[in-house]
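[1] Quick one, fold the following:
(2 chains)
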Number of protein chains: 2
Amino acid sequence: MKRKIHLYMLHFVHLLNQKSRMKTEIISIGDELLIGQTINTNASWMGQELAKIGIKNNRTITISDTEEEIHEALKGAESYADLILITGGLGPTKDDITKKVLCDYFDTELELNQEVLTDIQAYFKLRNKPFLETNNMQAMLPKACTVLRNSMGTASGMWFERNGKVFVSMPGVPYEMKHLMETGVFPKVKETFQLQELAHRTILTHGIGESFLAEIIMDWENRLRESNLEMAYLPSPGLVKLRVTSNTGDTNKVNLFCDELYQIIPEYIFGEGTITMEETLANLLLEKNATISLAESCTGGYASHLLTKIPGSSSFYEGSIICYSYDIKEKELNVPKSVLLNKGAVSQEVVEILSEEIRKKYNTDYSISISGIAGPSGGTEDKPLGTVWISARSKEKVVSKKFNFGNNRERNISQSAVAGFNLLRKLILMEEK
Amino acid sequence: MKRKIHLYMLHFVHLLNQKSRMKTEIISIGDELLIGQTINTNASWMGQELAKIGIKNNRTITISDTEEEIHEALKGAESYADLILITGGLGPTKDDITKKVLCDYFDTELELNQEVLTDIQAYFKLRNKPFLETNNMQAMLPKACTVLRNSMGTASGMWFERNGKVFVSMPGVPYEMKHLMETGVFPKVKETFQLQELAHRTILTHGIGESFLAEIIMDWENRLRESNLEMAYLPSPGLVKLRVTSNTGDTNKVNLFCDELYQIIPEYIFGEGTITMEETLANLLLEKNATISLAESCTGGYASHLLTKIPGSSSFYEGSIICYSYDIKEKELNVPKSVLLNKGAVSQEVVEILSEEIRKKYNTDYSISISGIAGPSGGTEDKPLGTVWISARSKEKVVSKKFNFGNNRERNISQSAVAGFNLLRKLILMEEK
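    Presented below is the predicted three-dimensional model:
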């Protein structure tokens, strides 16, 4: 059996907070975030990683990179939170003013940091790139801060403390920020704050809507709330996540209720924590030392992408054919023209031929095929927009199912991929019995 | 020639703001956003769409769904902004309390809205789903608000006005929120606020880092700032976007500087506005009535996904082979075993065979092939982690190029796809000359 990939299988996250209800705020700086040219993935990554080391992010504020806005946000955060994490506005170019505002705010000034300058020069030398005038400024840092060195880029992290509150300023480039958080910020945060326990667990369901789920688990939910636990429904495309929290760190009580849920809705639960459907399937394949191939039509490579995003996926993933056109379905995957014409490309017959042919052609243990009408056009009365046929197959068995994911192209593509993984996951579990 | 897809080619966005510097704030409610279980794509979509109708989003705040936090956020927003858009916390389940806080805040109470109740009942009937007790609550709405009907779901939008300020509360489910914004909020916002002009233009570059770009355009940038224009560098994976803004709505001045940029860095500019590299390529293919196929190794379907995400992509996209394993490269795309062994799968020889074979096999005008070491392991001294070979091909011509995108798997995959599109884009433009 192959080594099981280290997937992020959060069976249980301990959310630890300071006894005095320590609060955390993230300040994201940048017009590109406000006007939607960039999605704020930094804040969600930070929120997730903070939770892992036991700190809840209480508030995120996104602002323009103007002196006034940054100053106001710092003031607001200082009166609200104990730990303030700031990203953005530290690039080498002239439109970045965060450092200046921080100097004003903490009544300090910039000085040349010789170590950082040496780092930056080495950084450019290693990459065979010329050291530019603008990069000099990156070594000018506020006197009052502790500098957090950044080996992934040229903007340093800056750690300020005042009246027991901590402010950390980091660059907005995601991998630089992540690197600084991991190597500099988390270790110092753990040292600085005394943390208290808080418990939560997140149960992941697929194939049932929020209202219907709520109806089924109503009694359970009422008892849970009477027991002073909190619980939230977190819908995301095709999934509903149930997060159960004890603010007093009562792990046993959280476990008791979560375990009971497996009795009430076993058919809908596919995992826990932040694991994805594709990671669940990948783990199953790795456990069985089995391989997979895909024939994708309407998902156009997205399902394969989700699987190959997983580090080490070459252990179980062989390859796919994206058979977008009729021609490729016919010539490369032997779907007879008569079937395409009589049944249509979105039909049980076609997906079953596709899953069989790709499995044989690519010589894998399992396969998934997906064919649907992703939209925005192409629907008929018979097969409305959003109709998707999916087939999952092993050497001995095939299961096929028709879905309708509605009229939004992107949701359609992502829900089809996830439903395909779940169909195969269930087939594998069924075969194990 | 086929109809050019309506891509969102923002050659020029007019950002219009109220004469009195109208301000806008988004309040996103939900613990799932704070702890990173969901990425706040709602706020970025809203920021983008607001910009299109001429309103700048000045601030986004993300908070927990507790009475205290929602109340505080409403108060903070009321003293800061004129238009406040609130999403989240309106689901049918018990953990949603936004409506209650809104009633308190606006000193009003819930009443049954008969029209909404009829809507909701029809909604369930149409979907053949039973009407549940919990859904009744969705028709209970604050007396003091104007109700915005939601035909995509069961949670209504709520429009409040007080002292010339507007508050709109919407559900957090993205497609419901988007639908409400488009059908209810934007029309009313345009009626309510008097808007003034502001001009900006965003130039998209590929293949050059922020520092190097800044060095090359330094003179231009200095002159721009002396002319009272603003400009910002917006880096995203593989790209740097340059946004030029005139706060006084001086379209001519913005155009003058942007047009000049085409003289200074022609080789790096691939588009403007919010168009993506794949959309630029798609437009070129559509103009030429040409087709494309891909052979993807390290990108594992991601490049195909980016192309097929585009509505109408079946007009130019035929299909792909994702040749993750040696076997598939050999058997399906005729890469001789000797070449794989002697040159390695990540080599000019292999990507050139792949692009040739896929183009012939899938009978397309153009093809792209990508093979690299995505990480986190697999690098050698000769070919370090992040090494990627890409080949782009027409009937007559082939260009191949080696890249190194560093040691982050996801960045590697996304940058490889974008670089592949750009390589083919340049080949097509070269052939046109």
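
[2] now A:Phe124, nearest residue through space, not along the chain?
    Closest residue to A:Phe124 apart from its sequence neighbours, by CB to CB, 6 or more residues apart in numbering or on different chains: A:Phe131 at 4.6 Å. Heads up, the C-betas are built off the backbone N, CA and C, glycines and all.

[3] show me where pLDDT drops low in chain A?
    Under the criterion pLDDT under 70, the flagged ranges of chain A are A:1-20, A:91-96, A:196-198, A:235.

[4] what's the domain layout of it?
    For chain A, automatic domain parsing gives the domain ranges A:20-192, A:196-272, A:277-432.

[5] is it possible to export the ones you listed to TSV including mean neighbour count and distance to B:Ser369?
    As requested, these are exported to TSV (neighbours: other CB atoms under 10 Å in any protein chain shown; distance: least, CB to CB, whole Å):
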stretch	mean neighbour count	distance to B:Ser369
domain A:20-192	19	27
domain A:196-272	17	31
domain A:277-432	21	13
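
[6] follow-up on the earlier one: unless I misread the structure, the residue nearest to A:Phe124 falls within a strand.
    No: secondary structure of A:Phe131 (DSSP: H, G, I helix; E, B strand; the rest coil): coil, not part of a strand.

[7] got the contact list for it?
    A:Ile120, A:Gln121, A:Phe124, A:Lys125 (CB atoms under 8 Å, 6 or more residues apart in numbering or on different chains).

[8] Report the strand of chain A that spans the greatest number of residues.
    strand A:196-206 (DSSP state E).

[9] so what strands line up beside that strand?
    Partner strands and pairing direction for strand A:196-206 (DSSP bridges) are strand A:13-17 (antiparallel), strand A:239-246 (antiparallel), strand A:269-272 (antiparallel).

[10] JSON lines for these, including distance to B:Arg59?
    Shown next, in JSON lines, are the strands paired with strand A:196-206 (distance: least, CB to CB, whole Å):
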{"stretch": "strand A:13-17", "distance to B:Arg59": "26"}
{"stretch": "strand A:239-246", "distance to B:Arg59": "27"}
{"stretch": "strand A:269-272", "distance to B:Arg59": "35"}
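
[11] So which of the contacts of A:Phe131 are in strands?
    The members of the contacts of A:Phe131 all map outside strands under DSSP E.

[12] between the residues you listed, which is nearest chain B?
    Of all the contacts of A:Phe131, chain B sits closest to A:Phe124, with 9.0 Å by CB to the nearest CB.

[13] circling back to that earlier point, please export the C-alpha coordinates of the longest strand of chain A as CSV.
    Taking Å, rounded to 0.1, in the frame of the first residue of the first chain, the C-alpha atoms of strand A:196-206 are listed here in CSV:
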residue,chain,number,x,y,z
GLN,A,196,-7.2,29.0,26.2
GLU,A,197,-9.1,26.1,24.7
LEU,A,198,-12.2,26.2,22.5
ALA,A,199,-13.4,23.1,20.6
HIS,A,200,-15.0,22.7,17.2
ARG,A,201,-15.6,20.1,14.6
THR,A,202,-17.0,20.4,11.1
ILE,A,203,-19.0,17.7,9.4
LEU,A,204,-19.1,17.7,5.6
THR,A,205,-22.2,16.6,3.7
HIS,A,206,-23.0,16.3,0.0
